[in-house]
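Student: My questions concern the predicted model and sequence given below.
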Amino acid sequence: MKKIVILLVILFVSVSSGVVHASGSIFLDPISGTIDGTGKAINIVVNSGGSEINGIEMSVEYGGDIAFTSFDSGNISGCEVDGLERDTAEFQDIFLYCFILTEPYSGNDGVFATLNFESTGEGQAVVEIVSVETAGVAEITDGSGNYTTTLQIQESVSEPESESGQEETVPLPRTSIFNAFGIMLGVGLICMPLILNKRCRKQTSLMMGKIK
């Protein structure tokens, strides 16, 4: 009788542990939306399913009209995320991992990392979490997201206009007739003594010649 009870207890514990482990999940937030030329941040959220996690590693594949720009560590204590971007003929992905050096994580809404993408054209894009491995959880599911992409339309910057709505023009300097006459008169006054002096000298020379 005791052996049967012990076997039932072991079986109950094993089944309960299996349910807890299988309930863990990793998913994208948001799982859909629009990615434009200014970029979009997508969080990777971890639900431990009630079990303690001491480390996480995963591969995040992406494709379509988007480009991966950077990633940031999330808010899980002691989980400093490191990563490697890979681009092959078969796939494009980001390999991310962290070892939790403080208390193990056992929450249901911790952000593992934030991925930053930007649009490269009009169309569609997909981001998918694959190959998830955790230390401390027997099984954890992955997630994927689908997004539309668009390019941001840059607004043209126009030159400021005057209050009347017309562009201001700077008039060129004009030379009036009076200004020209004034200039000629001034030149004449300057040159007149010189002319008279030259003429007087000439007359004086003639008179001296006659006297001789």
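Tutor: Cool, the structure landed. Residues are numbered from 1 along each chain as shown.

Student: Domain map for this protein?
Tutor: Listed by automatic domain parsing, the domain ranges of the chain are 23-149, 178-212.

Student: so of those, which one's packed in deepest?
Tutor: Each of the domains of the chain was given a mean neighbour count from mean count of other C-beta atoms under 10 Å, and the largest, a mean of 17, is that of domain 23-149. The C-beta positions use only the backbone N, C-alpha and C, and glycine is treated the same way.

Student: Now mean pLDDT too, for the domains of the chain, in a markdown table please.
Tutor: Listed next are these as a markdown table, based on pLDDT from 0 to 100:
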| stretch | mean pLDDT |
| --- | --- |
| domain 23-149 | 91 |
| domain 178-212 | 52 |
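
Student: quick one, strands of this protein?
Tutor: Ranges of strands in the chain, per DSSP state E, are 25-29, 32-35, 40-47, 55-64, 66-73, 82-87, 92-99, 110-119, 123-135, 144-149.

Student: angle of the longest one against strand 110-119?
Tutor: Orientation check (axes from the mean of the first three to the mean of the last three C-alpha atoms, to 10 degrees): strand 123-135 against strand 110-119 gives 150 degrees.

Student: Okay, now the sheet partners of strand 123-135, with direction.
Tutor: In its sheet, strand 123-135 lies beside strand 55-64 (antiparallel), strand 144-149 (antiparallel), with partners assigned from DSSP bridges.

Student: Put together a markdown table for these, with distance to Ala135 on each row.
Tutor: Putting those into a markdown table (distance: least, C-beta to C-beta, whole Å) gives the following:
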| stretch | distance to Ala135 |
| --- | --- |
| strand 55-64 | 4 |
| strand 144-149 | 23 |
